[in-house]
Each structure stands twice: as structure tokens, then as C-alpha cells.
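Q: Dropping a prediction and its sequence here:
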Amino acid sequence: MTEKPAGPRPERLAGRELLDTVTAELQKQPDVAVGRMFGSEGYSVRGKLFAFVSTDGSLVAKLPAERIEALGFDNMVMHGGPAKEWATVPLTDGADRWRAVCDEAHAFVDEITPR
């Protein structure tokens, strides 16, 4: 049997570093905090996650289903099926794309989360 390496995969570490970088301005807002979901740390608005990094290093961001389709993103797959409002954005899409998606995800979750 092959032993799994300890600790996060390099892709996840790279994605996490990129997420921290592209959300630097958002992190300064009083309602934004670190949150956990699906075994990963990400960023939340008033306790509701809007972005995190998957095990393969992709950004996972909460967006309206129609917006995910319009942007051409895939939905995150959870328990064999698509998660309706969770988009995956490959690590290779880069910082500018990730920043724009995180800004949009933050605005969406801010709008739908009670104050």
C-alpha cells in the first residue's frame, strides 16, 4: 500500500498563498474573517464563507448559479454532484482572475448574509 504524504499538497499550499494575496484588501474589512469549510480555511463575511482553496489548489468561490454559468466555470463537485452556488477556478487562471472572482464572491455573500 502506498503511504499518503503528510500535510497539504503543494497545489493546495500554492492556492492558499494566492488566495491570501488576492484577498489582502478584503481582509481589511471588519466583517471579513478566516472561516473553515470542507476541511479548508477560507474567507467569510459574517460567518458565511465566500472563498476557499480545494485540495487540488483551485479557488472555490460562492457565486449565483447563473453567474457561474455565464463565466464558464465548473461547479464544485460534492458527494458526486455539483454544488449549485460554488464555482471552481483553476490555480492556472492567475491572480487577476482570482482577485476579480473573490471580489464578486465577497459582494454576493455580503448581500445575502444578514447583518
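A: In hand now; what should we look at?
Q: and Val41, what pLDDT?
A: Quick fix: residue 41 reads Glu, not Val. On pLDDT, Glu41 comes in at 89.
Q: Helix or strand: which one has it?
A: Assigned by DSSP states H and E, Glu41 belongs to strand 40-45.
Q: Can you list the strands that the helix or strand following that strand pairs with?
A: Next along the chain after strand 40-45, taking DSSP H and E as the criterion, comes strand 48-53. Strand pairing for strand 48-53, determined by DSSP bridges: strand 40-45 (antiparallel), strand 59-62 (antiparallel).
Q: which residues sit in contact with Arg16?
A: 8, 41, 53 (C-beta atoms under 8 Å, 6 or more residues apart in numbering). Yep, even glycine has a C-beta here, placed from its N, CA and C like the rest.
Q: before we move on, back to that, tell me which residues of the strand holding Glu41 are tucked away?
A: Neighbour-count burial for strand 40-45, counted by 16 or more other C-beta atoms under 10 Å, picks out 40, 42-45.
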